[in-house]
Structures are given as structure tokens and as C-alpha cells.
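Need a 3D model of the sequence below.
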Amino acid sequence: MPTIKNAFERHKILDRCFRDRRRKYYIDDLLDIVNKDIFYHYGTEISERTLRNDIRYMMDSNGYSAPIVKKMNGHRAYYYYSEADFSILKLPMSQKEMIQLSDTIQMLISRFKGLPDCSWMEEALVRFEETFHLNNLPNGVVCFAQNPDLKGMKWFSFIYDAIIKKVVLNISYKKFRGKPYLREIHPYQLRQYNNRWFLIGMDPSLTNKLPVVVIPIDRIQNIKQVNELIFQEYQGMDLDDYFNQVVGVSINVGAKREKIIIKADFPAAGYIESKPFHNSQIIVEKTNNYIVFELNLITNYEFETQLLGYLDECIIVKPDKLRQKLIERAEKIVSKNK
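Numbers count the residues shown, from 1 in each chain. Alright, predicted model coming up:
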């Protein structure tokens, strides 16, 4: 099968042309129609060679076994289906396609496994596999880490429903130390990090200090809907962009992105290269003995904690403030474990 992007979209366009008996479609006509359509949707075009490869694939038994006829008209040839009612869109899914779809659904379900009110996904997968006789496929090919005993998951569906319906919440929240206290929260998003779930929302009492608040749902004691309050829409930066500035979910108030330079010896350098700390991470120097990484982010507790795991094989070249903070945390670890 042609490996160029959007191949199936091109096949659908050709399928439409081959079924049309009102006109003759020569190769230059087909190329023009396909390119106009995919350029409009994807901003790209294909060559005549790619088009001919598409036609060959559609005719091949490994493709659609399409009954495409090439008929000469003088020195030119036009194309059409010999069977007027044939369409690649009418073909049943192959066994390979059904297995691939089942695998994809299993991967999706595994990401939600254990969450409240998501058991219907597993039931739907069972019905799908029974219908298409895929019951004997091996399970657990791709697995994601889950923590079924994580506290606070009973609130997940309640919060999710409030976000969808745009309902204000009164939340009884308790930090690891201290007494529970009530917070009025306008919920915007549920976000997962390090196998924990966090509620992202707005606390009207803190809008002058924080654009959003981050509440771990395992620290929630109780929740009530407050239907009489008007939900306040989020007006700030796109939340994905907002959290792309950091590792994890903690953002220090007033902090700005800064350049981080880390020099890591092997083998730690290999681990950091294969699993970057942050999406801004780049390599500025690489030798047989070490790699120098550059990042641009807002430093926070989660980033510092990840760095601590490599500190015996890393040098924080800059900034000095981050290096000093990590030294202090490392000294505290040593002091605690003497």
C-alpha cells in the first residue's frame, strides 16, 4: 500500500470518480481532482506516479480488489468500474482490520480502566469481539500503569459531570496537614500526572493571585453542586499551553520560563535523552562521556524531584538558583538518613 499520508482519502476520491458513469476520467483528470481535494483539506499534492500506484493498489488483492477497467480512447485511456454498484466503502472490514481496531479499543479502554462509570467500555469491547469472533486474541499486549486503590476516584464522575454541565462546586478540601476547609471552585479540566488526578479550576477568592487552582482529587473530602451560582468561564491562556510551561501540574505564581542547562554523564545521559524532562528539551552537545541538555520552562517541585534522581551523575550548569535549591534538598535527604 502506498505509504504517503492521506492514502485512504485519495482512494475515496478515486472511488467516487470510478463510479461516475456520466463522464470519462483520464489520468490527468483524476490527478487534477485528487490534488484539488487533498490540497484544500491537507495543503499537499501528489505526483502522477503516486496516483498510478494508488490505482494499482486499489486493483490488487491486498488492497480492495476493485474492478477497475482501463479503456483506450485513441492514444489516451480512461478509468471506470466494470461493476456499476461497486464501492470500496461497501466492502466489509478484513480480519486484519478488525484485529487492529480491537487492539486500538483495548488501548483506549486501558487508559480509563478503574475509573468510575467507565465499565461500559469493557462491555462494548466484549460485544465487539464476540460479534466479529475475536475472542481468542491475546490480552494485555499493551498495558498502562493504573492505581485502582487511588483515593478520591469516587469523585471523578461527579467532577467530570460538573465540568461538562458548567456547574459551580463547593469542595471540602484537606491538605496532608491541617483541617479541611471549603472552597468555591469553577471546574475546567481533569488532568492526570504521575498516576494522580487533579482538578483544574478557578477559585474566585484567589483570582487576583492565581489564574487557576490545582486540586488533587485524593485530598477532596466532600463535594456539593451549587446550582444558584453563575459559572464563570475560563478567560486565560489555553490550559494545555499553560501546563506545557512546566513539568507536572504545579506553577509557581509570578514565575517565568528560564533557560536550564544540564550536563549529564552516561548512563544517566542516555535515560534523559530517551525520556526527556520536558517538551522543550534539546541537546546542545554530545560526546562519548556526557550530553549537555538545554530546557526552557518554569521550574517547580516536580521538575526538581525528577532532577534529584539523576543528581549524582549531573551538573546543573545554570541557573545557579536551581542548583542551590537542589543542593539544599540533597543535603536534607542526607541529614534525614544519617
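
Pop the domain breakdown of this structure in here.
Listed domain ranges for the chain are 7-90, 94-146, 153-243, 258-336 (source: automatic domain parsing).

you'd agree Ile171 is in a strand?
Yes. Assessed with DSSP: H, G, I helix; E, B strand; the rest coil, Ile171 lies in a strand.

OK, contacts around it?
Shown in contact with Ile171 (CB atoms under 8 Å, 6 or more residues apart in numbering): Leu182, Arg183, Glu184, Ile185, Leu199, Ile215, Ile220, Asn222, Ile223. For every residue, glycine as well, the C-beta is placed using N, CA and C.

Check Tyr25 too.
So, once contact is read as CB under 8 Å, 6+ apart, Tyr25 ends up touching Cys17, Phe18, Ile33, Tyr78, Tyr79, Tyr80.

How many residues are close by the residue nearest to the fourth one when sequence neighbours are not counted?
Taking CB to CB, 6 or more residues apart in numbering, and ignoring the residues beside it in sequence, Tyr78 has Lys24 as its nearest neighbour in space, at 4.0 Å. The number of residues packed near Lys24 is 14, by other CB atoms under 10 Å.

Over to Glu233?
Glu233 has 9 nearby residues by other CB under 10 Å.

which SS class is it?
coil.

Quick one: residues contacting it.
Lys166 are the contacts of Glu233 under CB under 8 Å, 6+ apart.

Quick check: pLDDT value at it.
Glu233 is assigned 86 on the pLDDT scale.

Kindly report the same for Arg16.
Note on Arg16: pLDDT of 94.

Point me to the helix or strand that includes it.
Counting by DSSP states H and E, the element that carries Arg16 is helix 7-19.

same question, Val34
helix 27-42.

mind saving the C-alpha coords of whichever helix or strand comes after that helix as PDB?
Sequence-wise, the next helix or strand downstream of helix 27-42 (DSSP H and E) is helix 48-59. Provided in PDB are the C-alpha atoms of helix 48-59 (Å, rounded to 0.1, in the frame of the first residue of the first chain):
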ATOM      1  CA  GLU A  48       1.200  11.100 -11.300                       C
ATOM      2  CA  ARG A  49       3.400   8.200 -10.200                       C
ATOM      3  CA  THR A  50       1.700   8.200  -6.800                       C
ATOM      4  CA  LEU A  51      -1.700   8.300  -8.400                       C
ATOM      5  CA  ARG A  52      -0.900   5.300 -10.600                       C
ATOM      6  CA  ASN A  53       0.400   3.400  -7.500                       C
ATOM      7  CA  ASP A  54      -2.900   4.200  -5.800                       C
ATOM      8  CA  ILE A  55      -4.900   2.700  -8.700                       C
ATOM      9  CA  ARG A  56      -2.700  -0.400  -8.800                       C
ATOM     10  CA  TYR A  57      -3.200  -0.800  -5.000                       C
ATOM     11  CA  MET A  58      -7.000  -0.500  -5.400                       C
ATOM     12  CA  MET A  59      -7.000  -3.200  -8.000                       C
END
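
Can you give the contact residues for the helix or strand following helix 48-59?
With elements assigned by DSSP H and E, the helix or strand that comes after helix 48-59 is strand 68-73. Identification of contacts with strand 68-73 by CB under 8 Å, 6+ apart yields Phe18, Lys24, Ile55, Met58, Met59, Ala77, Tyr78, Tyr79, Tyr80, Tyr81, Ser82.

how about the strands of the stretch 101-250 of the chain, start to end?
168-173, 181-193, 196-202, 213-216, 220-226 (DSSP state E, counting those that start in this stretch).
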